[in-house]
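S.K.: just need the structure, nothing else, for what follows:
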Amino acid sequence: SILLAYLLSSLVGAAFGWHQVKPIDRTETLRAGPFYRYTFSLTVFLVVFPLFINVDVFLVKRLVEANEQVGWYVASTTLARMPFYLFTGLLLTLLPSVAHLHQAARYQLQRLVREVNRYALLLLVPLTVLVAVTANSLVPLMFGESYRGGGSALAILIVGVSMLVMFRIFSTILVGVTNPSRV
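M.R.: Numbers count the residues shown, from 1 in each chain. Got it, this is the predicted structure:
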């Protein structure tokens with residue numbers, strides 16, 4: 001039901017955008033076909049991505065028999081996803097900036113992409129190393145001594161989630177420079 005709501009919200013947003021948002025300096029209009037193909041591809045991405053980020057918890061729950069170990073993993077996953085949620089604000093502001101600069105100033109777009117990647121790496125690499133090194137004491141600090149066993153999972157998960165953050169930055173830039181009329 002959550003995935004259906006996610007899909008419907010994207011489709012409602014696309015329909016609203018098609019009928020309410022008009023180009024400022026263009027006289028030609030975008031045909032409905034390319035617009036809906038572009039919207040569909042974004043919707044598929046937005047529906048598949050939450051599945052991708054949560055499939056590990058479902059698999060661990062299915063494969064591991066001890067509920068205690070599943071709890072350790074879920075606690076570790078919760079902590080490991082913090083960088084992803086911290087970068088959500090960046091992703092929300094990055095998309096319109098990239099789309100605007102792609103049309104207006106390509107040199108500024110290249111500079112923006114370099115700076116975003118540089119700052120993301122400057123924040124992510126030390127954070128990832130710090131969390132990976134202190135994982136065995138960080139999980140019990142946040143969730144209590146009964147979760148001490150989740151440290152090794154956190155040390156691995158933080159690396160994967162940091163890579164996922166970089167993937168989301170790259171995919172947001174790609175969406176921003178994509179022209180819906182050419183999809």
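S.K.: what residues are up against V70?
M.R.: Each residue near V70 by CB atoms under 8 Å, 6 or more residues apart in numbering is listed here: 60-61, 64. For every residue, glycine as well, the C-beta is placed using N, CA and C.
S.K.: what's the lowest-pLDDT member of the residues you listed?
M.R.: On pLDDT alone, K61 ranks lowest of these, at 84.
S.K.: which non-adjacent residue is nearest it?
M.R.: Counting by CB to CB, 6 or more residues apart in numbering, K61 lies nearest to V70, which is 5.4 Å off, once chain neighbours are set aside.
S.K.: among the contacts of V70, which ones are buried?
M.R.: V60 (16 or more other CB atoms under 10 Å).
S.K.: top helix in the chain by residue count?
M.R.: As assigned by DSSP state H, the longest helix anywhere in the chain is helix 106-143.
S.K.: what packs against that helix?
M.R.: Identification of packing neighbours for helix 106-143 by 3 or more CB pairs under 8 Å, 6 or more residues apart in numbering; DSSP states H and E yields helix 67-80, helix 82-86, helix 88-104, helix 151-177.
S.K.: buried residues in it, which are they?
M.R.: So, applying 16+ other CB under 10 Å, buried residues of helix 106-143: 109, 112-113, 116, 120, 123-124, 127-128, 131-132, 135, 138-140, 143.
S.K.: over to stretch 86-99?
M.R.: Quick answer for stretch 86-99 (16+ other CB under 10 Å): 87, 90-91, 94, 97-99.
S.K.: cool, stretch 149-162 as well?
M.R.: Buried-residue list, stretch 149-162, by 16+ other CB under 10 Å: 149-151, 153-155, 157-158, 161-162.
S.K.: which two of these have the greatest separation?
M.R.: Farthest pair in these (CB to CB) is G149 and S162. Separation: 22.3 Å.
S.K.: sweet, I'm off.
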